[in-house]
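>>> All I have is the shape, not the residue letters:
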């Protein structure tokens, strides 16, 4: 992003810091009023006048520098010294020295922020009016000076506060973007776990079938090997689809896949479902639940029977139950030992909770294990 030519407000971008002391140096030209009076012979004694204008200039530059570098020191030391020098000079010399009050207001607006700013600015306006009335007495001049001091203090203060708000909004936006990226990574990792965990479990079961069948039935073993190839190709397609935002194949496709996978694992399956027109999001989520539930049955249960039920509740929601007659945590032959509450169920629980539903995973009343998902449609 290109830099702005305006020193007050730099655009948001890399390396941009917003208002700084360099943008405030310009206002040192307000000391031109006192210098003009000195050169015209209206300020006496000259040595004191030159000393006063030099001191006010130096204190102004130091004050605005510390306003951006060390604001606490500017508030405690340099701004009070500047105020003392300016008020004494304007009260003593008058005329165009009153411009120094405007310069003081600018330093005040840059240095003081928050609730202290309005009272101090109004106090400076009152001091300016008192000095102007004592030196001149012209109401128009008094009002002009007070208005100039008020605007000179408010404008830089508002701009700096605006910049701080913009910078805070930018930081918040960056934090939200990082959170969104993190959430998307977690979602993607859950999807890959569900896709590959299920598919690899089926491949292992079929590979065991090939090993058992190869010595006595070559044709059957070749058929199982062909299934392994088909499942591997299908898994590759699903992973590629997941990379492009794929969230699930849907309930019907997962039920068909469950029939094949459980049959190959030697587990009987009973499916009881109602014919319901499901919204796409609910359909995809129930499909994920079936995939995860069947994967757990194959990998961990040691079951001989599995039952999948889908029915509509009295409140219009859908209830999916996947139960088995296994031993809970006993792994199937050749499978690693694990627990029911693994990454798959944790990821599924997060998806269900995000959809406003409920998930329970515990022992079934008749033994075995039961996974239940309740969703509002």
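The structure has been received and is ready for your questions. Predicted model only: the values in this text are computed from it and were never measured. Numbers count the residues shown, from 1 in each chain.
>>> Check the chain and tell me which residue is nearest its centre.
residue 176 (1.3 Å; CA atoms, centre = their mean).
>>> three-state assignment of that one?
helix (DSSP: H, G, I helix; E, B strand; the rest coil).
>>> Could you tell me the model confidence score at it?
On pLDDT, residue 176 comes in at 77.
>>> Same question for residue 269.
Predicted confidence (pLDDT) for residue 269: 90.
>>> okay, now it: neighbour count?
19 (other CB atoms under 10 Å). Every C-beta, even on glycine, is put in place using the N, C-alpha and C of the backbone.
>>> centre of the chain versus the helix or strand residue 220 falls within, how much separation?
Secondary-structure assignment from DSSP states H and E places residue 220 in helix 218-243. On the basis of CA atoms, centre = their mean, to the nearest Å, the separation between the geometric centre of helix 218-243 and that of its chain is 40 Å.
>>> And that helix, what's buried?
Neighbour-count burial for helix 218-243, with 16 or more other CB atoms under 10 Å as criterion, is recorded at 221, 224, 225, 227, 228, 231, 235, 238, 242.
>>> so for that helix, what's the average pLDDT?
Throughout helix 218-243, pLDDT has a mean value of 77.
>>> Output the below-cut-off pLDDT ranges for this structure.
1-18, 133-137, 181, 184, 187-188, 195, 239-249, 314, 328-343, 377 (pLDDT under 70).
>>> what residues go with each domain of it?
Using automatic domain parsing, the domain ranges for the chain come out as 21-174, 249-377.
>>> what's the closest of the ones you listed to residue 209?
Nearest to residue 209 among these is domain 249-377; the distance by CB to CB comes to 6.3 Å.
>>> gap between the closest one and the chain center?
In terms of CA atoms, centre = their mean, the gap separating the centre of domain 249-377 from the centre of its chain is 34 Å.
>>> Stretch 65-80 too?
Averaging C-alpha positions (CA atoms, centre = their mean) puts stretch 65-80 34 Å from its chain's average.
>>> What residues sit buried inside that stretch?
Neighbour-count burial for stretch 65-80, counted by 16+ other CB under 10 Å, picks out 65, 66, 67, 68, 74, 75, 78, 79.
>>> Which of those fall in helices?
65, 66, 67, 68, 79 (DSSP state H).
>>> tell me the contacts of the closest residue to the second one other than its chain neighbours?
For residue 66, the nearest residue in space outside its immediate sequence neighbours is residue 74; the separation is 3.8 Å by CB to CB, 6 or more residues apart in numbering. With contact set as CB atoms under 8 Å, 6 or more residues apart in numbering, residue 74 has these partners: 63, 66, 67, 111.
>>> and the helix or strand harbouring residue 150, how far out from the chain's middle?
With elements taken from DSSP H and E, the one containing residue 150 is helix 139-213. Taking CA atoms, centre = their mean, the mean C-alpha location of helix 139-213 is offset from the chain mean by 2 Å.
>>> If you count contacts, what does it end up packed against?
Contact partners of helix 139-213 among helices and strands, from 3 or more CB pairs under 8 Å, 6 or more residues apart in numbering; DSSP states H and E: helix 99-111, helix 117-135, helix 218-243, helix 251-264, helix 280-296, helix 343-354.
>>> just the angle between it and helix 117-135, please?
Here helix 139-213 runs at 160 degrees with respect to helix 117-135, directions being taken by axes from the mean of the first three to the mean of the last three CA atoms, to 10 degrees.
>>> is it fair to say residue 372 lies in a strand?
Yes - counting by three-state DSSP, one finds residue 372 located in a strand.
>>> thinking it is in contact with residue 360, fair?
Yes - with contacts counted by CB atoms under 8 Å, residue 372 reaches residue 360, the gap being 4.8 Å.
>>> More neighbours: those two, which one.
Shown here are residue 372 and residue 360; by other CB under 10 Å, residue 372 has more neighbours (18 against 12).
>>> what's the distance between that one and residue 274?
Residue 372 sits 16 Å away from residue 274 when distances are taken as CB to CB, to the nearest Å.
>>> repeat for residue 253
Residue 253 sits at a distance of 18 Å from residue 274 (criterion: CB to CB).
>>> How about the contacts made by the closest residue to residue 75 other than its chain neighbours?
What sits nearest to residue 75 in space, not counting adjacent residues and going by CB to CB, 6+ apart, is residue 111, at 6.0 Å. Under the criterion of CB under 8 Å, 6+ apart, the neighbours of residue 111 are 63, 64, 66, 67, 71, 74, 75, 79.
>>> what does residue 256 give?
Not one residue lies near residue 256 by CB under 8 Å, 6+ apart.
>>> measure residue 203 to residue 238 for me?
In this structure, residue 203 and residue 238 are separated by 13 Å, where distance is defined by CB to CB.
>>> again with residue 275
26 Å.
>>> go on, residue 278?
From residue 278 over to residue 238 the distance is 21 Å, taken as CB to CB.
>>> before we move on, the earlier item: which one of the ones in helices among the buried residues of stretch 65-80 is nearest to residue 376?
Sorting those by how near they are to residue 376, with CB to CB, puts residue 68 at the top with 54.8 Å.
>>> My guess is that closest one contacts residue 23. True?
No - here residue 68 does not reach residue 23: they are 9.7 Å apart, not a contact under CB under 8 Å.
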